[in-house]
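Peer 1: following is a predicted model, sequence given first.
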Amino acid sequence: MESLSTDFAQVKEGDEVYLSKVITERDIETFAEITGDCNQLHLNNELAKRTVFKGRVAHGMLVAGLISAVLSEFPGIVVYISQTLKFYEPVRIGDKIKAIAVVKEKINTRNELKLQTVCKNQHGDKVIDGEARIRMLELEG
């Protein structure tokens, strides 16, 4: 994992944070249990083999959750304001996903950042692309 400085003023356009994670069968099963999303495409390999995907795939929002995780690499306390997502490729058990957030714009009056967000698999293929907006909170006292 890469971390930036601990001061919003030092964050610059073009700065990047990232993290990587291998998606496991346990991740998919736990996500289904927590969210109640028990779509058989994620849980039933025999049924999923008969689809265009030819096997089980991870929940899109499970993979998108890695974007949320990478935002904690920015300094201080970060609050999500918005996120857009576009899904490109399926993610399978064993895929290593790299979530990346790049600062595209600083909004100094509100301590906000506009970010390009992307997730890529181990082959460098883009699986998710989007844009996030976050606010970096100042601590009181």
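Peer 2: Received it, and whenever you're ready, just let me know what you need. Numbering: from 1, shown residues only.
Peer 1: what's the separation between the nearest residue to Asn121 once chain neighbours are set aside and Ile81?
Peer 2: Distances taken as Cβ to Cβ, 6 or more residues apart in numbering put Asp95 closest to Asn121, at 5.0 Å, once the chain neighbours are dropped. All C-beta spots, glycine's among them, are computed from the backbone N, C-alpha and C. Remark: distance between Asp95 and Ile81 (Cβ to Cβ, to the nearest Å) = 29 Å.
Peer 1: the more surrounded of those two?
Peer 2: Asp95 (22 against 13; other Cβ atoms under 10 Å).
Peer 1: quick one, phi psi at that one?
Peer 2: phi -70, psi 140 (degrees, to the nearest 10).
Peer 1: quick check: it touching Lys120?
Peer 2: No: judged on Cβ atoms under 8 Å, Asp95 makes no contact with Lys120 at a distance of 10.0 Å.
Peer 1: these two touch, right, Ile28 and His42?
Peer 2: Yes: if you go by Cβ under 8 Å, Ile28 and His42 touch, sitting 5.5 Å apart.
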